[in-house]
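**Q** predicted model, plus sequence, below.
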Amino acid sequence: MITIKELTDKILQFRKERDWEQFHTPKDLAISLSLEASEVLEHFQWKKPEEMQEYIQNHKEEIGEELADVFNYLLLMSNDFGIDLLEVLEKKINKNAEKYPIEKSKGKSTKYTNL
């Protein structure tokens, strides 16, 4: 299994070989991340709830490629900004656990401020 560090190194090498770092400003990386996330959404636009499971099964590769693009920009941004994604994700999970205690939030989609 490949690690986050190894994936990041591959992406950084890919970028370096093409001299693309010059184009990867924080603004442009954030825009690219948002655009790729929107391409994930595009797969679900205009679909009825009952169509979703079959659609996902029949389009896993295409959806996976869009998710990979999102992940690519997350790794680039976290590297360029000096953010350890695994560390901040663990902290965020713990923070959310405090905001959404099981006894108040189980089975509910209510925002923490309304629990």
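**A** Nice, I can see it.
**Q** since we're on residue 100, how many residues are nearby?
**A** 15 (other Cβ atoms under 10 Å). Quick note: C-beta positions are derived from backbone N, CA and C, even for glycine.
**Q** pull the contacting residues for the residue lying closest to it once chain neighbours are set aside.
**A** Counting by Cβ to Cβ, 6 or more residues apart in numbering, residue 100 lies nearest to residue 112, which is 5.5 Å off, once chain neighbours are set aside. By Cβ atoms under 8 Å, 6 or more residues apart in numbering, the contact set of residue 112 is 99, 100, 105.
**Q** and the pLDDT at residue 112?
**A** For residue 112, the model assigns a pLDDT of 86.
**Q** same thing with residue 44?
**A** Looking at residue 44, its pLDDT stands at 96.
**Q** what's the separation between it and residue 57?
**A** As judged by Cβ to Cβ, to the nearest Å, residue 44 and residue 57 stand 14 Å apart.
**Q** more crowded one of those two?
**A** residue 44 (12 against 8).
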